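**Q** build me a model:
(one chain, ligands or ions: 1)
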Amino acid sequence: MTAIHPSILSADFANLAAELARIPSADAVHVDVMDNHFVPNLTLGLPVVEAIRAATDLPLDVHLMINDADRWAPAYAELGAESVTFHVEAAGRPAQVARALRSHGARAAMALKPKTALEPHLGLLSDLDMLLIMTVEPGFGGQSFMDEMLPKIAAARRASDALGGKIAVQVDGGINRETILRAAEAGADTFVAGSAVYSAEDPDAAISGLRQLVG
Ligand SMILES: O=C(CO)[C@@H](O)[C@H](O)COP(=O)(O)O
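**A** Numbers count the residues shown, from 1 in each chain. Predicted coordinates for the structure are as follows:
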């Protein structure tokens, strides 16, 4: 099963409720939380994600690009996010964070920056529902997909398959009608798309177009 998660980082932040209403066929809304420490950009935090939760019935896929994931991640699960992604580089005890997310009823997901190797972290997979392979340096939308991440996506797919294939392999950054094909071929099944969706005249049609490409 493939899934398309539009990133509201590319939406109009002054009209978030209306922007959410433009993507009814999304499999989930990808919400980028940035703290200007883990990444050089500042977006939104718990109160705004709570408002987004109230403004849409779509599942929320919260991507935390923040330091001290151990402290903050569980609160996003508590407010009703269906999945919460923390960065392994920002977590002191990643397995405990993942278990805390699951205990609050969320899917637990872990992200890796482009320069972070997957292999040292494979032991964490049994506590995870999704692995996010960043295909740009996190922080900003509109960057180019890093083709050099394709082997890491393939390795994540192999690791998931070795555990029965239940761990989703998500990619985020530079996904468009061309790059989605390469990411899917490498083994990704969950695709975050920001500018490719929200720069389209009809964002929901853009989602359908991406979905058709990857089945
Ligand atoms: O996490 C991030 C950026 O750090 C993403 O979720 C972006 O929002 C994706 O935007 P595009 O690369 O698709 O424009």
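
**Q** so who does the residue in the chain that the ligand sits nearest to touch?
**A** Of all residues in the chain, G194 sits closest to the ligand, at 2.7 Å by Cβ to the nearest ligand atom. Any C-beta I mention is one placed from the backbone N, CA and C, and that applies to glycine too. By Cβ atoms under 8 Å, 6 or more residues apart in numbering, G194 lies in contact with P6, S7, I8, L9, S10, H30, G141, G142.

**Q** counting only strands, which of those make the cut?
**A** P6, H30 (DSSP state E).

**Q** selecting buried members of the contacts of G194 in ChimeraX, what would you type?
**A** This is the ChimeraX syntax for the buried subset of the contacts of G194, where burial follows 16 or more other Cβ atoms under 10 Å:
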select :6,7,8,9,10,30,141
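
**Q** which of the contacts of G194 are close to the ligand?
**A** Counting by Cβ under 6 Å from any ligand atom, S7, L9, S10, H30, G141, G142 from the contacts of G194 sit close to the ligand.

**Q** partners of the fourth one in the sheet?
**A** Same thing as H30. S7, D61 (DSSP bridges).

**Q** so it is in contact with V192, correct?
**A** Yes. Counting by Cβ atoms under 8 Å, V192 is a contact partner of H30 at 4.8 Å.

**Q** can you show me the strands along the chain?
**A** According to DSSP E, the strands that the chain contains are 3-6, 29-34, 60-65, 83-87, 107-112, 130-134, 168-172, 190-193.

**Q** distance to D202 and mean pLDDT added to those, as CSV?
**A** Output for these, formatted as CSV (distance: least, Cβ to Cβ, whole Å; pLDDT from 0 to 100):
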stretch, distance to D202, mean pLDDT
strand 3-6, 12, 98
strand 29-34, 17, 98
strand 60-65, 22, 99
strand 83-87, 26, 99
strand 107-112, 29, 98
strand 130-134, 27, 99
strand 168-172, 22, 99
strand 190-193, 14, 98
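
**Q** about what we covered before: what touches both of H30 and V192?
**A** H5, P6, S7, D61, H63, D172.

**Q** returning to that earlier point: and the residue of the chain closest to the ligand, what's its pLDDT?
**A** What the model reports as pLDDT for G194 is 98.

**Q** ok, and the closest non-adjacent residue to the spatially most central residue of the chain?
**A** Centroid-nearest residue in the chain, with Cα atoms, centre = their mean: H63, separated by 5.2 Å. Spatially, and ignoring its direct neighbours in sequence, H63 is nearest to T85 (4.6 Å; Cβ to Cβ, 6 or more residues apart in numbering).

**Q** what do you get for A3?
**A** D27 (3.8 Å).

**Q** and the gap between A184 and V169?
**A** 10 Å (Cβ to Cβ, to the nearest Å).

**Q** so which of those two has more stuff around it?
**A** Using other Cβ atoms under 10 Å, the more surrounded residue of A184 and V169 is V169, with 27 against 20.

**Q** isn't that one up against A156?
**A** Yes. In this structure, V169 is within contact of A156 by Cβ under 8 Å, at 4.7 Å.

**Q** can you list residues touching both of these two?
**A** Common neighbours of V169 and A156 (Cβ under 8 Å, 6+ apart) are L131, I133, G187.

**Q** who wins on neighbours among the residues you listed?
**A** When neighbours are taken as other Cβ under 10 Å, the top entry among these is L131 (30 neighbours).
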